[in-house]
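# give me a model of this one.
(2 chains)
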Amino acid sequence: MLYHHLRNELWKLFGKKRTYLGFGAFLLAQVAMLLVFRLSHWQNQMERMLGGNGYEARDYISALTVAVVMLIPQVALLMPLYTALVGGDLVAKESEDGTLRMILSRPVSRFQLLFVKWLAGVVFCAVLVLVLGGTALGFARLWFPWRGMFVFAPGMVFNVLTATEGFKFYLISQVFMTLNASVVLGLSFMCSCFNMKPATATVLALTFLFMNLVMEGLPFFKDYQPWLLTHYFRAWILIYEHPTPWDVIGQSLCVLLAFNLTTFLAGAAAFQVRDIKS
Amino acid sequence: MIQFQNVSKKFGARLAVDDLSLNVPAGQIYGLLGHNGAGKSTAIGMMLGQVWPTCGTVRIRGHDVSERRRLALQKVGAIFETPAFYDYLSGWRNLEIFSSYTAPTPPRRLEETLEWVGLKGREHSKVRTYSHGMRTRLALAQALLPQPELLILDEPGDGLDPEGIAELRETILRLHREMGLTILLSSHLLTEVEQLCTRIAVLNQGRMVFEGSLAETKRREKWIRLRTDDFVLAARDLLAARLITGQQEGLLLALGEGVGTDQIVKFLVEQGRAVYEIACAEETLEQFYLNLMSGGQPSRRKT
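The predicted structure follows:
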């Protein structure tokens, strides 16, 4: 039964054009960034940084390096936007369209319905991240060679890796990015379980995230960073650090999983007591 | 089949349904009447476990909807006023989706149902290309797929043209006749209810103001319809003889206490008047309903 319900949700989710907005935006952003990398003197700064640290720049200006550079702004800006958009739609759009009332005239429990919706959302996140990671690397490979990897994120990571090692971590980072995406989706999903419009659910979730992001960037809130959600979104980039800070990554994963569970349960509780009317 | 026991529902401070007790027996086509906001949709929402009652119990097929929703709705189909579908998917896929929430349905059963409702050949077109009538037929198909014993129709004729309404009426009668379904029909269309239902309940501001058979709504107690050579003179003589207490519309007479139609006929014939027709007066459902809504006394009232 769970299989059929999940299949239904995936049909619904991937049957509408709106779901593909994120994919389209990612592709456009990647093509634009790649053109900038190719046609500007972007590499000079990286070469200086590598040279200054005793590395041969041409060994590390590679497809893997460029792919991660392309991913950083997309993961920070575009991914939350599109996952929140889909998460906000999952329940609220069905409620707005009236299909939720049709479903709930069937002998299906609200909790089960929500669970498969959330699961479908997580599948969407995984697909989105996979496409994002795959296309970033694929596009980068078109113009850059397959060599060692250099990852630099101010205050977090400065490391060089072999191509094999780098690719392995690149794959692991996709899993962490999926978790990040699912947390954002879970947040807007929770909002959409309340009696509100899909756009409101999306905007509320994004407001919460951007408030966290802004506060994280303010020196005044430095001591409060462990209380901010976005602080725990770093696991995907920290994986490239040497030695790998597994304790920090583990803590981030635990917080994100707990946050995901909390938002799901809060949404389920709100949905359970809600009256569904036309 | 459906039982409401002292059910009330409040939305904030507003009482949408007030102490409703109702029993819909199996095998009936049961009409639920009332103006907008009377509480019909809320009552249907409570039957389907979409709206939680503030107090009281709603049972479907003997199962409490709040506690054993899955069992209660196992053999229930429902259609709402505006059938909502995933417009970007085909009719077939929509049916697969909706039916799987009850139980996975084999393709053969889907085909049979599509044929029954007359959508065969268009099942693989996207629902956005369907006309309103086709959407209603698709809604009927999704309601019939779980092989229901009870069909709940919430304003199903809304937005349909006269042909569509006639087709829907015929379908409802066919469902009742061929499948023996119990049908609960909530509607504004009094003529439809009059032609379809065997029993009705009327809601007004959340309270049930009438429950009874359709025949009871047509009975005008103590009123008879008389056609004679001179109604005015006949009425004046009958009034003087204290056989009637009043007359209405140049056609109706209110019988006096303990007076039968035989006495009226005998009196008129003795007076030398020609009596062409005498019968108990019947009220249309519309007259009955409007009378009820304007505060008139119903023929029978259950609360």
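# surely residue B:193 is within a strand?
No. Counting by DSSP: H, G, I helix; E, B strand; the rest coil, residue B:193 is not part of a strand but helix.
# please name the residues that touch residue B:54.
Counting by C-beta atoms under 8 Å, 6 or more residues apart in numbering or on different chains, residue B:54 touches B:8-10. (Glycine included, C-beta is placed from N, CA and C.)
# ok, of the residues you listed, which come out buried?
B:8-9 (16 or more other C-beta atoms under 10 Å in any protein chain shown).
# show me the contacts of residue B:54 that map onto strands.
Secondary structure from DSSP state E places B:8-10 of these in strands.
# in a markdown table: those residues, plus distance to residue A:137.
Output for these, formatted as a markdown table (distance: C-beta to C-beta, whole Å):
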| residue | distance to residue A:137 |
| --- | --- |
| B:8 | 61 |
| B:9 | 56 |
| B:10 | 58 |
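# need the three-state assignment for the residue of chain B at minimum distance from chain A.
Of all residues in chain B, residue B:84 sits closest to chain A, at 3.1 Å by C-beta to the nearest C-beta. With three-state DSSP as the basis, residue B:84 sits in coil.
# my guess is it contacts residue A:95. True?
No. The criterion here is C-beta atoms under 8 Å, and residue B:84 misses it with residue A:95 at 10.2 Å.
# who touches both of these two?
By C-beta under 8 Å, 6+ apart, the residues touching both residue B:84 and residue A:95 are residue A:101.
# in chain A, which residue is most central in space?
residue A:181 (2.9 Å; C-alpha atoms, centre = their mean).
# what sits closest to that one if chain neighbours are left out?
residue A:125 (3.7 Å; C-beta to C-beta, 6 or more residues apart in numbering or on different chains).
# I'd guessed residue A:130 sits against residue A:174; true?
Yes. Counting by C-beta under 8 Å, residue A:174 is a contact partner of residue A:130 at 6.5 Å.
# neighbour count winner among the two?
In this view residue A:130 and residue A:174 are compared by other C-beta atoms under 10 Å in any protein chain shown, and residue A:174 has more residues nearby, 18 against 13.
# contacts only, for the residue nearest to that one when sequence neighbours are not counted.
Closest residue to residue A:174 apart from its sequence neighbours, by C-beta to C-beta, 6+ apart: residue A:133 at 4.7 Å. Applying C-beta under 8 Å, 6+ apart to residue A:133 gives the contacts A:67, A:71, A:170, A:173-174, A:177.
# need these in JSON lines (columns: secondary structure, pLDDT and distance to residue B:174).
Shown next, in JSON lines, are these (DSSP: H, G, I helix; E, B strand; the rest coil; pLDDT from 0 to 100; distance: C-beta to C-beta, whole Å):
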{"residue": "A:67", "secondary structure": "helix", "pLDDT": "93", "distance to residue B:174": "63"}
{"residue": "A:71", "secondary structure": "helix", "pLDDT": "91", "distance to residue B:174": "60"}
{"residue": "A:170", "secondary structure": "helix", "pLDDT": "94", "distance to residue B:174": "63"}
{"residue": "A:173", "secondary structure": "helix", "pLDDT": "94", "distance to residue B:174": "61"}
{"residue": "A:174", "secondary structure": "helix", "pLDDT": "94", "distance to residue B:174": "56"}
{"residue": "A:177", "secondary structure": "helix", "pLDDT": "94", "distance to residue B:174": "56"}
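# now, which of the residues you listed sits nearest residue A:266?
Nearest to residue A:266 among the contacts of residue A:133: residue A:177, at 23.9 Å, using C-beta to C-beta.
# is it true that the closest one touches residue A:130?
No. With contact defined as C-beta under 8 Å, residue A:177 does not reach residue A:130; the gap is 9.4 Å.
# give me the neighbour count for the residue lying closest to residue A:50 once chain neighbours are set aside.
Nearest residue to residue A:50, sequence neighbours excluded (C-beta to C-beta, 6+ apart): residue A:57, at 4.5 Å. Residues contacting residue A:57 under the criterion other C-beta under 10 Å number 16.
# tell me how far residue A:57 lies from residue A:160.
As judged by C-beta to C-beta, to the nearest Å, residue A:57 and residue A:160 stand 11 Å apart.
# shared neighbours, those two?
Shared contacts of residue A:57 and residue A:160, counting by C-beta under 8 Å, 6+ apart, come down to residue A:50.
# tell me the contacts of the residue nearest to the centre of chain A?
Residue A:181 neighbours (C-beta under 8 Å, 6+ apart): A:79-80, A:83, A:125, A:128-129.
# how about a cut-off of 10 Å?
Going by C-beta atoms under 10 Å, 6 or more residues apart in numbering or on different chains, residue A:181 touches A:22, A:75, A:79-80, A:82-84, A:86-87, A:121-122, A:124-129, A:132, A:233.
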